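Undergrad: The following comprises the amino acid sequence and a computationally predicted model.
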Amino acid sequence: MCLAVPGRVVEVFEEHDLRMGRVDFNGVNKKVCLAHVPEAGLGDYVLVHVGHALSRVDPAEAARVFAFLESLGELRDLEEPSP
């Protein structure tokens, strides 16, 4: 089974002719391809799967997903590995 996780767009930029962004996943920032969600902008929440934003998502829904993941203890898995 695959999992898509919501995150908040904190930066939008072009890279190799692709619309890209920096997305905040509850404190962890990752580079994400935004090419499939051209309407997404700064502050919007997007649903991300394997580095690609698939759709915009309501902020309340994003908060519910993070609360659920936190209740499972899974938010720690989104953190960067320690060196």
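TA: On my side now, so go ahead. Numbering: from 1, shown residues only.

Undergrad: pull the longest strand from the protein.
TA: Criterion DSSP state E: the longest strand present in the chain is strand 5-15.

Undergrad: Check which residues of the least confident helix or strand in the chain by mean pLDDT are buried.
TA: Using mean pLDDT, DSSP states H and E, helix 59-72 stands out as the lowest-scoring helix or strand of the chain, at a mean of 87. For helix 59-72, burial by neighbour count (16 or more other Cβ atoms under 10 Å) applies to 62, 65-66, 69. Backbone N, C-alpha and C define where each C-beta goes, glycine included.

Undergrad: what do you get for stretch 33-52?
TA: Across stretch 33-52, burial judged by 16+ other Cβ under 10 Å covers 33-34, 37, 40, 44-48.

Undergrad: Endpoints of stretch 17-32, how far apart?
TA: Start-to-end span of stretch 17-32 (Cα to Cα, to the nearest Å) is 14 Å.

Undergrad: again, but for stretch 38-55
TA: One end of stretch 38-55 sits 9 Å from the other (Cα to Cα).

Undergrad: Over to stretch 48-61?
TA: Distance between the boundary residues of stretch 48-61 (Cα to Cα) amounts to 14 Å.

Undergrad: what's in contact with that stretch?
TA: With contacts defined as Cβ atoms under 8 Å, 6 or more residues apart in numbering, stretch 48-61 is touched by 2-8, 21, 23, 25, 30-37, 39-40, 44-47.

Undergrad: Could you rerun that using 6 Å?
TA: For stretch 48-61, the surrounding residues in contact (Cβ atoms under 6 Å, 6 or more residues apart in numbering) are 4-7, 32-34, 37, 40, 44-47.

Undergrad: Among the residues you listed, show me the least confident.
TA: Among these, Ala4 carries the weakest pLDDT, at 87.

Undergrad: Quick one: residues contacting that one.
TA: 47, 49.
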